[in-house]
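# Predicted structure and sequence below. I'll ask about it afterward.
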Amino acid sequence: MSIPSLLRQKPDQPLKCFAVGPIGDPHAAYGTPEHEAYEHHLAVFEQVIAPACAKHGITVLRADGIAHAGDINEQICRHVVESDLVIADVTGGNPNVMYELGLRHITGKPTIHIGEAAQLPFDIASIRTIRYQRTRSHLAAARREIESALEAGLRDGFELLTPARVLRGLQTGDGTTPTEDEGGEADEDPPGLLDDFVVIEDGVGEVTSDLEEITKTVETIVTLTEQASVEVLDLAHANAPASARLAAVGRYARALGGPATELNTVAERFAGRMATMDSGVRAALGLIEMTLPEERGEGAEEFLEQLTSLAEMAQEGLVQAASFGESLEGLVRMSRQLRKPVKEITAAVKQLTSSIGRTGEWAEKARVLSRSAAAA
């Protein structure tokens, strides 16, 4: 829903903005990094975000300004989901901020990104972000950019961010969205939680296929390595000349080239899918957490089980890839012919290690939610 439509529905109520971002520790000792972080982000809020919102009559709040008693995590989630507007400072890719941002993206509601130059997280670098530096002039310039973004959004409507379009499957071939009718009015029947699960589950299916392909490729490399090891040992026991052993290693290197390149390619594709899915999965987990266990339905539990199974499968693949990757590093000393394939395999293992860490985080959250439902 765009901000102009909100204005039509609530003409006598000011729009509400929730500021998401690092806060730091106000009680930390003066001069420590924690205290400096607190002072910096407070300055960004007071000198950039708050005055930009005030210019357009928008009330703004950040987490440390929530006055009501209660579960602070639940309160933050509700502000993230329900506020008319969110301005998110993504500096440094703070985990809490990224989680809250993913939760916001799934709503499709207006969101403005800001961030300190050179400290933007890679996963959302493609999304337009208002950049600032820690100087008075740059903070003033950032405030003016936010004011301009708000003015354009209030006048023309805010563009739906790519993560929300992808997750909800909103974009269609003719440039319209299923949540709008031909007159451009908002649909009264937008996708629900189960609809979102279907889109994410499709992504999980693609990731699972990648893992199966990775497992097969690893098995091929393991077989080639075992065969080559036997051949080289046989030549050594037969006191064959070094040239014969080098020729055997050369044949192994050539045979290894194709699977090594394939493994690296699939690992890159897998990493890309995981980065795309991460915000959506975290947002879906956040919505499940906010829903009473008795109201979640079977789809939510199946989704949580699917995330747990995916993490277990991914971990098995990582253990296998890492173990043979370590063994190959020793082979590089035998001949330079092995450097290229081993380099590709090592790069693939690093990609997998980083990406599979996400599935472990998803699964841990899924297990907590499943246990809470069982205990209810």
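Perfect, I can see it now.
# what's the spacing between residue 260 and residue 317?
16 Å (C-beta to C-beta, to the nearest Å). Every C-beta, even on glycine, is put in place using the N, C-alpha and C of the backbone.
# Neighbour count: those two, which is higher?
More crowded of residue 260 and residue 317, by other C-beta atoms under 10 Å: residue 260, with 26 against 19.
# and the helix or strand hosting that one, what's its mean pLDDT?
Assigned by DSSP states H and E, residue 260 falls within helix 242-290. Here helix 242-290 scores 83 as its mean pLDDT.
# Please name every helix or strand in contact with that helix.
Secondary-structure packing of helix 242-290 (3 or more C-beta pairs under 8 Å, 6 or more residues apart in numbering; DSSP states H and E): helix 72-82, helix 95-105, helix 162-168, helix 193-237, helix 298-331, helix 339-375.
# Of the ones you listed, which stretch is the most buried?
helix 95-105 (a mean of 22; mean count of other C-beta atoms under 10 Å).
# other SSEs contacting that one?
Short answer (3+ C-beta pairs under 8 Å, 6+ apart): helix 95-105 packs on strand 16-20, helix 72-82, strand 85-89, strand 111-116, helix 162-168, helix 242-290.
# Give me the pLDDT for residue 220.
90.
# now swap in the one 3 residues further on and tell me
The confidence metric pLDDT takes the value 89 at residue 223.
# so who does it touch?
Counting by C-beta atoms under 8 Å, 6 or more residues apart in numbering, residue 223 makes contact with nothing.
# could you check the distance from it over to residue 36?
For residue 223, the distance to residue 36 - C-beta to C-beta - is 55 Å.
# What of residue 29?
Distance from residue 29 to residue 36, by C-beta to C-beta: 11 Å.
# who's more crowded, those two?
A count of neighbours by other C-beta under 10 Å puts residue 36 above the other of residue 29 and residue 36, at 13 against 8.
# in what helix or strand does that one lie?
Using DSSP H and E, residue 36 falls in helix 33-44.
# what's the following helix or strand after that helix?
Following helix 33-44 in sequence order, the next helix or strand is helix 50-55 (DSSP H and E).
# So which elements touch the helix or strand just after that following helix?
Sequence-wise, the next helix or strand downstream of helix 50-55 (DSSP H and E) is strand 59-62. Applying 3+ C-beta pairs under 8 Å, 6+ apart, we find strand 59-62 packed against strand 16-20, helix 50-55.
# Of the ones you listed, flag the one that's most buried.
Per-stretch averages of neighbours, counted by mean count of other C-beta under 10 Å, single out strand 16-20 among the helices and strands packed on strand 59-62, with a mean of 24.
# Next, the angle helix 72-82 makes with that strand.
120 degrees (axes from the mean of the first three to the mean of the last three C-alpha atoms, to 10 degrees).
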